[in-house]
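Chemist: Fold the stuff below for me.
(chains A and B)
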Amino acid sequence: MSEGHNFENHEISPQPEVDFKSILESRELESIETLEGYFPIQIIKLKDDGEALFKPEAEIPGLLLRYNKKEFMRTNFEILATQIDEILGFGLVPVATTRAINGRNGVIQKRVEDATVAADIKGDWSELVDDSEILKAAVFDYLMDTRDRHAGNFLIDINARKIWLVDHDYIMFFETIIPYRAIINAAVRKNLVKLPEEIKKSIENLLNRLNSISTDNNPEIQIILNTLKLKAEELLTRGTLA
Amino acid sequence: MIELYFVELFELDRDAKQKKIATFRLTEESSVVEVDGNHEHAVIKSIQWEGIFDYKYARPGKLYPYDGMNFLENLKYHFRSGYLLATDVKKKVIDN
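Modeler: Here you go, the predicted structure:
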């Protein structure tokens, strides 16, 4: 063993925080592959930095009229979800930003590695993540009034016992008569409804910063934010999710 | 000649490659969607047991394979994240 090595002392020097948003915005693209499926999604390989999913703003042939008009707003919705998550400090939504790829504008979002779609998990996914993750994700879904959170729209990192929320498009915020609320239902079932101080502070912070979020004069974004404000105030007054 | 309608469902694996996990098939002769694929796969199991919502017509209640074309037509709206992605309904004519 060479001198100077101290295997007893495992002090790790702090790693610089990786700015994934900048990477997504400007990193050279190694490859672009269009996925097989109805909704146009591309898997982008970023030079030296993993993969991302790119969802272009585009008309989709044959898509229901009420969706097609809104498909162009997918970028706004996805970015809004990441902004809200960032302000709350929950770390549930993969980093995303806007980018033009091959002349098409859209949203590019870091691909979550080492995670499995919840629908792909045999048994009860809620036993494989920390309770704090379920509560945070349930609060996020409650505040954002998400309506399509079925098990195909979130991922589970079993090793990290963590949840990742994906697919924040028009359908997620405005569709389905009887909403899918898989995570809120799990939180209620497990009696994870009382909000700890830390989450209350996150919600207060969100309320204080709500005016800083740009709506781009988009009425749908305004609706989401108006609802969010009411729900946030309600949560703080009640102190519980149920 | 039999007309076959089908939807393919793909998942993104750990290497960011798409892998087909199921083909949902409906023929003129049957009103029930059949599933080709590993029936033990959690996604396939759950969709058959739990059903999906009717995104197309926004009608209350859930759709199951026995709902035939209505079920088939809604798969693409249910699976649209990229991690799981369904195709549109495709048509194939088979000689019998």
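
Chemist: where does chain A dip in pLDDT?
Modeler: Residue ranges of chain A with pLDDT under 70: A:1-17.

Chemist: And the residue of it closest to chain B?
Modeler: Residue nearest to chain B within chain A (Cβ to the nearest Cβ): residue A:37, separated by 3.3 Å. The C-beta positions use only the backbone N, C-alpha and C, and glycine is treated the same way.

Chemist: What is the burial count for the closest residue to that residue other than its chain neighbours?
Modeler: Of all residues not flanking residue A:37 in the chain, residue B:85 sits nearest, at 3.3 Å (Cβ to Cβ, 6 or more residues apart in numbering or on different chains). Residues contacting residue B:85 under the criterion other Cβ atoms under 10 Å in any protein chain shown number 22.

Chemist: Just give me the neighbour total for the residue of chain A closest to chain B.
Modeler: For residue A:37, the count of nearby residues is 22 (other Cβ under 10 Å).

Chemist: tell me the contacts of it?
Modeler: Listed by Cβ atoms under 8 Å, 6 or more residues apart in numbering or on different chains, the contact partners of residue A:37 are B:10, B:76, B:79-80, B:82, B:85-87.

Chemist: Same question for residue A:90.
Modeler: Shown in contact with residue A:90 (Cβ under 8 Å, 6+ apart): A:136-137, A:139-140, A:202.

Chemist: Tell me the buried residues within these.
Modeler: Burial by neighbour count, 16 or more other Cβ atoms under 10 Å in any protein chain shown: within those this picks out A:136-137, A:139-140, A:202.

Chemist: residues contacting the residue nearest the centre of chain A?
Modeler: Nearest residue to the geometric centre of chain A (Cα atoms, centre = their mean): residue A:93, 2.3 Å. Contact analysis of residue A:93 by Cβ under 8 Å, 6+ apart lists A:81-82, A:85, A:140, A:164-166, A:168.

Chemist: okay if I get those residues as a markdown table plus distance to residue A:21 and secondary structure?
Modeler: Listed next are the contacts of residue A:93 as a markdown table, based on distance: Cβ to Cβ, whole Å; DSSP: H, G, I helix; E, B strand; the rest coil:
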| residue | distance to residue A:21 | secondary structure |
| --- | --- | --- |
| A:81 | 14 | helix |
| A:82 | 9 | helix |
| A:85 | 13 | helix |
| A:140 | 19 | helix |
| A:164 | 16 | strand |
| A:165 | 17 | strand |
| A:166 | 17 | coil |
| A:168 | 16 | coil |
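
Chemist: So which of those reach chain B?
Modeler: With the criterion set as Cβ under 8 Å from any Cβ of the partner chain, the members of the contacts of residue A:93 near chain B are residue A:166.

Chemist: Of the contacts of residue A:93, which is the most crowded?
Modeler: Counting by other Cβ under 10 Å, residue A:168 has the largest number of neighbours within the contacts of residue A:93, with 29 neighbours.

Chemist: for that one, what are its contacts?
Modeler: By Cβ under 8 Å, 6+ apart, residue A:168 lies in contact with A:77-78, A:80-81, A:93, A:144, A:146.

Chemist: what about stretch B:27-34, how long is it end to end?
Modeler: This stretch, stretch B:27-34, spans 9 Å end to end (Cα to Cα, to the nearest Å).

Chemist: and it, average pLDDT?
Modeler: Averaged across stretch B:27-34, the pLDDT comes to 91.

Chemist: coming back round to it: which ones among the contacts of residue A:168 map onto helices?
Modeler: Residues of the contacts of residue A:168 located in helices (DSSP state H): A:77-78, A:80-81, A:144.

Chemist: Return the distance of the closest residue to residue A:78 other than its chain neighbours relative to residue B:31.
Modeler: Closest residue in space to residue A:78, ignoring its immediate chain neighbours: residue A:107 at 4.4 Å, by Cβ to Cβ, 6+ apart. Distance of residue A:107 to residue B:31, computed by Cβ to Cβ, to the nearest Å: 39 Å.

Chemist: Alongside chain B, which residues does chain A contribute?
Modeler: Within chain A, the positions near chain B by Cβ under 8 Å from any Cβ are A:35-39, A:41, A:43, A:45, A:51, A:53, A:55, A:62, A:64, A:67, A:111-114, A:117, A:119-122, A:150-153, A:155, A:166-167, A:169, A:171, A:175-178, A:180.

Chemist: Out of the residues you listed, which end up buried?
Modeler: Buried positions within those, assessed by neighbour count (16+ other Cβ under 10 Å), are A:35, A:37-39, A:41, A:43, A:45, A:51, A:53, A:55, A:64, A:67, A:111-112, A:117, A:119-121, A:150-153, A:155, A:166-167, A:169, A:171, A:175-176, A:180.
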